[in-house]
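A.B. asks: Whatever this is, show me its structure:
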Amino acid sequence: MRAIAIVPGRPETAGVIDLPEPPYSDGSVLVQTRLIGLCGTDLEIALEGYGVPPPGEERLVLGHESVGEVIEAPEGSGFESGDLVVGIVRRPDPLLCPACAADEWDMCRNGRFVERGIKEYHGYGCERFRIDPRFAIRIGSQLGDLGVLLEPTAVVAKAWEQAERIGSRSWFEPRIALITGAGPVGLLAALLARQRGLETHVVDLVDEGTKPRLVADLGAQYHNEPVVDLQIEPDVVIECTGVGKVGRDAALLAAPGAIIALAGFSNSERLVEVRMDAMTKALVLGNKVAFGTVSAARRHYDQAAEALAKAKPDWLTRLITRRLAPEDWPNALDKCEEDIKVIVDMTLT
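C.D. replies: As a prediction, this is how the structure comes out:
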């Protein structure tokens, strides 16, 4: 069967390889893959060498964002033929650190976890995959192929959950949210902010096109000016660019008692000096909290499914700006100006 794969850090090796049928050891539920979403992490794997193939292998099958249809599932698994499912990315470490033992594998303490399509485990980017029922999320038929957005939505659902939990340390009645970056994660973070009834501001570099329109259609405000020039005091910041200066400036701008979730990062080793003294002072004197967040636990996928079910399908559909056949997936490495979410349709031949 076909699979989209690459040698991390060697974009010239991007292509389609032939794999045997998925082994039963991967899980008892067999899934026909529909769509695979590609994101910044996949670009980091391809261009910067982030990501690790399974032991003894040179290539890594991509695809940590998925949606597929169950072909077969054993009785008692909770799934049946025809169900639409999304695969969870991370698996707990075999030694079960305290976090993994509590099913909080997104908070793994010893780093021995594996991640499908990222770290030591092939992804879902093949025509069929097997999965343990514990790591499969059933989605409603009304969401359909838009379920490919579930994984990135789970990441921002976790960011919002953690921000609200931290806010509960004291009086916390957020009114204003700032989202830095209008890629798919930023736009989905803005969606969840609006679902919470917050006045929402989104900052990005582009000044026209699909991104500003998507933000406006959420009832949010779009800005393409530097963060430091904004005339707002956000109570919650979701930082999705991974740019250190942007995160620092957002922390300086944030209101006293604000919560700043750092949800973006870059794997590049290029160094840009950013003085942190002012940020430290702002955090201390303003009783602000900045925290990092990555990956998601099962409950965050459930929260994401609920959020997507409440969203307007036409708005979600507009996030998908390119659809590629498996053989054409290397074209995703050349980012187009209007790109938001690029997907690979594994059903195309």
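A.B. asks: give me every residue that touches residue 314.
C.D. replies: Going by Cβ atoms under 8 Å, 6 or more residues apart in numbering, residue 314 touches no other residue. In short, each C-beta sits where N, CA and C put it, glycine included.
A.B. asks: Mind pulling the model confidence for it?
C.D. replies: pLDDT for residue 314: 97.
A.B. asks: So what's the gap between the helix or strand hosting it and the chain middle?
C.D. replies: Counting by DSSP states H and E, the element that carries residue 314 is helix 313-319. Between the centre of helix 313-319 and the centre of its chain there are 17 Å (Cα atoms, centre = their mean, to the nearest Å).
A.B. asks: centre of the chain versus the helix or strand following that helix, how much separation?
C.D. replies: Counting by DSSP H and E, the element after helix 313-319 in chain order, helix or strand, is strand 320-324. Averaging C-alpha positions (Cα atoms, centre = their mean) puts strand 320-324 17 Å from its chain's average.
A.B. asks: partners of strand 320-324, with directions?
C.D. replies: According to DSSP bridges, strand 320-324 forms sheet pairs with strand 341-345 (parallel).
A.B. asks: which residues are contacting the partner strand?
C.D. replies: Counting by Cβ under 8 Å, 6+ apart, 4, 34-39, 63, 125, 148-149, 152, 184, 319-326, 329, 332 sit against strand 341-345.
A.B. asks: what helix or strand does residue 250 sit in?
C.D. replies: Residue 250 belongs to helix 244-253 when assigned by DSSP H and E.
A.B. asks: Give me the distance from the helix or strand just after that helix to the chain's centre.
C.D. replies: Sequence order places strand 259-262 as the next helix or strand after helix 244-253, per DSSP H and E. Distance, stretch centre to chain centre, for strand 259-262: 16 Å (Cα atoms, centre = their mean).
A.B. asks: List the neighbouring strands of strand 259-262 plus their orientation.
C.D. replies: Counting by DSSP bridges, strand 259-262 is paired with strand 236-239 (parallel), strand 289-292 (parallel).
A.B. asks: what's the closest of those strands to residue 94?
C.D. replies: Comparison of the strands paired with strand 259-262 against residue 94 by Cβ to Cβ identifies strand 289-292 as nearest, at 24.8 Å.
A.B. asks: and the worst-scoring helix or strand of the chain on mean pLDDT with helix 244-253, angle?
C.D. replies: Within the chain, no helix or strand scores below helix 277-285, which has a mean of 84 by mean pLDDT, DSSP states H and E. Helix 277-285 runs at 40 degrees relative to helix 244-253, counting by axes from the mean of the first three to the mean of the last three Cα atoms, to 10 degrees.
A.B. asks: Could I get the CA-only coordinates of helix 277-285 as CSV?
C.D. replies: Presented in CSV, the C-alpha positions along helix 277-285 are these (Å, rounded to 0.1, in the frame of the first residue of the first chain):
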residue,chain,number,x,y,z
ASP,A,277,14.6,41.2,31.3
ALA,A,278,11.5,43.3,30.4
MET,A,279,9.4,40.2,30.0
THR,A,280,10.5,38.8,33.4
LYS,A,281,9.7,42.1,35.1
ALA,A,282,6.3,42.2,33.4
LEU,A,283,5.4,38.7,34.5
VAL,A,284,6.5,39.2,38.1
LEU,A,285,5.0,42.7,38.6
